[in-house]
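**Student:** missing the sequence, but the structure's below:
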Ligand SMILES: CC(=O)[C@@H](O)[C@H](O)COP(=O)(O)O
Ligand SMILES: NCC(=O)COP(=O)(O)O
């Protein structure tokens, strides 16, 4: 079964909009884990727009307490700055079970593309080796190009265990009413990744509405990390009920 890692970035967005400590990121993550979520994801960004280094330390503790996966996302090439020690440094400090490398910058509203592996492989290789030496499983954010190119072969050469397929384009196609071509492209990319020895995660703009169709079409997705839609849905149904709704859906695919 595909496991659910809940991304709690959005809880920190709300907290930071007023300063202070409410809503409490750790309390929200605990509620998700108590409802059965398999892990917690955060994506601390150098501009500290939501998750900050102190949240990373606290969530590392919490996930250790629950014995579940902590998935830390970030750009390993972004330089450290005041309040942000850098992605590699954070991984050295908390040793997340999974480190997901994402090629994004401050100017982006959110993550919107994967690596260009043919171009980035040489730079990624030593970083992946450092993270693996910390016992982190390494996942690389990747676009779904389908059968069009050798991207997954280049990704496998980097030495990571997984790729996370960037599902934004699928979510857009689904919202527009016809995701068939996009699903075929994601399924082909997943098969190419698996043939190259990579396990497959998926994330970005997945929701209760579009997740089932995705998982029925794309084979052997190990993990989905979901934040934006899940936290939005939780405004209506509550966090625990929403997490349980996702788990029920995952269990039914
Ligand atoms: C890698 C990925 O798709 C997620 O981490 C997403 O980027 C969420 O980040 P934000 O919450 O900053 O939009
Ligand atoms: N890796 C994707 C993630 O953590 C959550 O993305 P989103 O659901 O907030 O779009």
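**Tutor:** Arrived safely. Keep in mind it's a predicted model, so treat the numbers as computed, not measured. Ligands and ions are numbered 1, 2, ... in the order given.
**Student:** Need the distance between the two termini of stretch 139-152.
**Tutor:** Taking CA to CA, to the nearest Å, stretch 139-152 runs 12 Å from one end to the other.
**Student:** close to ligand 2, is it?
**Tutor:** No. Contact of stretch 139-152 with ligand 2 is not found when judged by CB under 6 Å from any ligand atom; the minimum separation is 7.5 Å. C-betas here are computed from N, CA, C, even on glycine.
**Student:** List the buried residues in that stretch.
**Tutor:** 139, 140, 141, 142, 143, 144, 145, 146, 151, 152 (16 or more other CB atoms under 10 Å).
**Student:** May I see the residues you listed arranged in JSON lines, with secondary structure and pLDDT as well?
**Tutor:** Converted to JSON lines, those look like this (DSSP: H, G, I helix; E, B strand; the rest coil; pLDDT from 0 to 100):
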{"residue": "139", "secondary structure": "strand", "pLDDT": "98"}
{"residue": "140", "secondary structure": "strand", "pLDDT": "98"}
{"residue": "141", "secondary structure": "strand", "pLDDT": "98"}
{"residue": "142", "secondary structure": "strand", "pLDDT": "97"}
{"residue": "143", "secondary structure": "coil", "pLDDT": "96"}
{"residue": "144", "secondary structure": "coil", "pLDDT": "96"}
{"residue": "145", "secondary structure": "coil", "pLDDT": "93"}
{"residue": "146", "secondary structure": "coil", "pLDDT": "86"}
{"residue": "151", "secondary structure": "helix", "pLDDT": "89"}
{"residue": "152", "secondary structure": "helix", "pLDDT": "93"}
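**Student:** Among the residues you listed, which ones lie close to ligand 1?
**Tutor:** When contact is defined as CB under 6 Å from any ligand atom, those meet ligand 1 at residue 141.
**Student:** which among the buried residues of stretch 139-152 gets closest to ligand 1?
**Tutor:** Taking CB to the nearest ligand atom as the measure, ligand 1 lies nearest residue 141 of the buried residues of stretch 139-152, at 5.6 Å.
**Student:** Identify the residue nearest residue 166 in space, chain neighbours excluded?
**Tutor:** Excluding its sequence neighbours, the residue lying closest to residue 166 (CB to CB, 6 or more residues apart in numbering) is residue 114, at 4.9 Å.
**Student:** The one you found: which element?
**Tutor:** Counting by DSSP states H and E, no helix or strand carries residue 114.
**Student:** what number of residues lie near it?
**Tutor:** 24 (other CB atoms under 10 Å).
**Student:** which residues does it contact?
**Tutor:** 103, 140, 141, 142, 143, 163, 165, 166 (CB atoms under 8 Å, 6 or more residues apart in numbering).
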